[in-house]
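Participant: Okay, here's the prediction I keep looking at, along with the sequence it came from:
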Amino acid sequence: MRRTGQQPPTSPGSRISRGRAPVTVRTARWCATHPWKAIAGWVLLVVVCIGAGAAAGTNKGSFADFWIGEAGRAEAMASGSGLTPPPVEQVLIERTARTSGDEPSVAAEEIRRRMETLPAVEKVDAPATSSGGDAVRVAVTLRGDRETAKKDVETLLAQTAEVRRAHPGLTIEQTGSASISVAVNDKQGQDLQRTEMISLPVTFLILFVVFGAVLAAGIPVLLALFSFAGAVGLYGLASWIFPDAGGAALSVIFMMGMAVGVDYSLFYLKRAREERERSGGTISHARAVELAAATSGRAVVDSGFAVALSVAGLYLVGDVIFSSIATGAILVTLVAVGGSLTVLPALLARLGHRTDGGRLARRRREGGEGVWAALLRPVVRRPLVALLAGVAATVALAAPALGMRLGTEGKETFPDSIPAVAAYDRLVTAFPSEGPAHLVLVRGEDPAAPLRKLAVATRGDALFAQDRAPVVRVAEDGRTALLALPVPHAANSPEAARSLAQIRERLLPAVVVGTPGLQWAVSGEIAAGADYAAHQEQRLPWVILFVSLATLAIMHVAFRSVVMAALGTVLNLAAVLVAWGVLTLVFQGTWAEGLLGFESLGFVGSRTPLMVFAILVGLSTDYQIFVVSRIREAVRRGVPTREAVVDGIAGSASVVTSAAVIMVSVFVSFLFIDRIEMKQIAVGLTVAVLFDAIVLRAVILPSAMALLGDRAWWPNRPTGMPAPGLRSGAVAEGKVLV
């Protein structure tokens, strides 16, 4: 029937009593009416997760988990024949202005005597002097493999420190894969703690400004921290299925935990407040929470699944690092969703008016909505102009991504502030043959013969180190041989890439030709990096396809609209392209080095584009679902689509903007981690989130929806939307179909 007359404002949640309530509402209702049970149950669950994770421990990935491409085949050949190079630490002794005559030789002999007595040491080579005579190195070979070396290296470092104190006139440092790995991990752990100390108070301050109440500001931060703690515990259990890649996932778990944990609490808390304000304070806090669960609670579930599915695309990479990151991100997202649907309603119902903001906070919200409405009206009045301007800005920022070059981190890319890294750089300068090396494996009859020819073919070539003749090693069974060809260039340099191509494409095929039955492959730091980057490029299209389809499906389920699902997917990809473009602009050039505190490598880390893509699509879908949900609610009340766009975006603008600012503060804090890969991820996500909130959601989305009109909801109009023949004036007069 048709009902006329002015309708009082109603909340979508006010209709939840008709029929069976959604599970989000029933959960919120129980938690709000049994707050102490819900809170105690949540705390117990988190404690159990932490305890279970601690009891199970963390399953570290084996070296075989990192083998990829031809380099991986070479590693498998070396491992199967006992030719894997043992872990070696180098002690570098250098003269200074205070150095006396034979002091470097004395210190070197002391290092040798001390190291030979250690159980972890297999052998110590005689000291070697550089061609210039200013540096001496002592090579120490450890027992076991590279993983045990990380545990044993501390004893070697202690002996090196003792000799350093005994010879203050010398520069004595220890370097090697084990000592660099331990130092880099320790440094990153310290930087992560500093990041937490920065992001937590900043997040709390932003939330206090938004809500105007200490408790309201503290609840989202508290839930984010609990989500992080619970997810870390669950990650320990999950690592026995998806092995941990050396702790790479912990930074992502914290980043995602703060982002989604705070966001979900923020949206839920904001909506509960709106329900109270809409009723003039006549409904209880428990009822407000129940009404919020019908709208924001559903959006939290949709968003959580969207984030989890987006990050799950990283499993398609087939790489232990991305698998561990995907596992951690999915777990923290799901834990955050669970907390938002259970303990958050309990806290809001129990704390009641103590989470309400004062009049100043309400005025700030109302003023903010008015400002956003004023900004959006020109966009919907001239949607084509606004859309073209937004697309032009997107293309301008995304275009540099066409020139993106990928590379991998190596010893040369780690910060020089770490003594072991700085010592490695000086070691390679003094002893070029101690730099990165190509490990060439040949299997078959008389495998050493072609490798000897290969060694001869590289003599006098500037692409290969010439200060020491390479030696061929043959396995005990005589069927596999290894040749290490050192390169006097950084592993990520163009010269190193040319040397690899020369071996794989010209030199090695030439020396094995005419010998049937031979198998060969090239590994080493240079080859592994090149194969890893190529592997990412091959898998990237499949990840993009999977994540895009998953996002499309989630948003179609959320909005029952093919058009809105497609529009949301396009906006997500636009945010990613902008992030990639800015990454290329910033990190392949040198203009931002002083500003961000890095030394340009001339490329973007091979892992960075995929990580930024998966995380960003999830977070962008998060915004899309919350914003479009508000627009859809207005349409269901009978508001024309063009006006609903203004109402929905303006009504959610303050909370979405606050969420964006909080995300940016978390991402920016990762700029203080002295590792270029983390800086790249921080810059990419920061720029994309800002661009998403300012351009994509405030310009392109409203202008596109204004142009589409009611067609934006094809094929299903939201319930309560006016029929095509109903004039918008009838809506304004309250004449709607019910």
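Facilitator: That came in fine, so what should we check first?

Participant: So what's the gap between stretch 430-445 and the chain middle?
Facilitator: Taking C-alpha atoms, centre = their mean, to the nearest Å, the mean C-alpha location of stretch 430-445 is offset from the chain mean by 33 Å.

Participant: Might one say that S629 is in contact with T295?
Facilitator: Yes. S629 lies in contact with T295 (C-beta atoms under 8 Å); the separation is 6.7 Å. Where you see a C-beta, it was placed from the backbone N, CA and C, and this is true even at glycine.

Participant: Between those two, point out the one with more neighbours.
Facilitator: T295 (25 against 21; other C-beta atoms under 10 Å).

Participant: Helices of the stretch 551-700 of the chain, start to end?
Facilitator: 562-587, 593-596, 608-636, 641-669, 676-691 (DSSP state H, counting those that start in this stretch).

Participant: Which residues does the second one contact?
Facilitator: The contact list for helix 593-596 (C-beta atoms under 8 Å, 6 or more residues apart in numbering) reads V586, E599, S600, L671, K679, V683.

Participant: Quick one: residues contacting the closest residue to the last one other than its chain neighbours.
Facilitator: Leaving aside its chain neighbours, V683 sits nearest to V586 (5.8 Å; criterion: C-beta to C-beta, 6 or more residues apart in numbering). V586 is in contact with A592, L596, V683, counting by C-beta under 8 Å, 6+ apart.

Participant: Of these, which count as buried by neighbour count?
Facilitator: V683 (16 or more other C-beta atoms under 10 Å).

Participant: which one among the contacts of V586 gets closest to V332?
Facilitator: Nearest to V332 among the contacts of V586 is V683, at 22.1 Å by C-beta to C-beta.

Participant: The closest one: what's it in contact with?
Facilitator: For V683, the contacting residues are V582, L583, V586, F587, L596, L671, by C-beta under 8 Å, 6+ apart.

Participant: Same question for F672.
Facilitator: For F672, the contacting residues are D191, R194, T195, I198, by C-beta under 8 Å, 6+ apart.

Participant: mind redoing it with 6 Å?
Facilitator: R194 (C-beta atoms under 6 Å, 6 or more residues apart in numbering).

Participant: Was I right to think T621 contacts A308?
Facilitator: No. T621 lies out of contact with A308 (C-beta atoms under 6 Å); the separation is 10.6 Å.

Participant: quick one: which of those two has more around it?
Facilitator: T621 (27 against 21).

Participant: So for the residue nearest to E476 when sequence neighbours are not counted, what's the pLDDT?
Facilitator: Distances taken as C-beta to C-beta, 6+ apart put G82 closest to E476, at 6.5 Å, once the chain neighbours are dropped. In this model, G82 is scored at 90, pLDDT.

Participant: Could I get the pLDDT score of the residue lying closest to A120 once chain neighbours are set aside?
Facilitator: Spatial nearest neighbour of A120, excluding adjacent residues (C-beta to C-beta, 6+ apart): D152 at 3.6 Å. You'll see D152 listed with a pLDDT of 92.

Participant: In three-state terms, label D152 for me.
Facilitator: Secondary structure assignment for D152 (DSSP: H, G, I helix; E, B strand; the rest coil): helix.

Participant: That one: how many residues sit nearby?
Facilitator: 18.

Participant: Distance-wise, check it relative to A108.
Facilitator: 21 Å (C-beta to C-beta, to the nearest Å).
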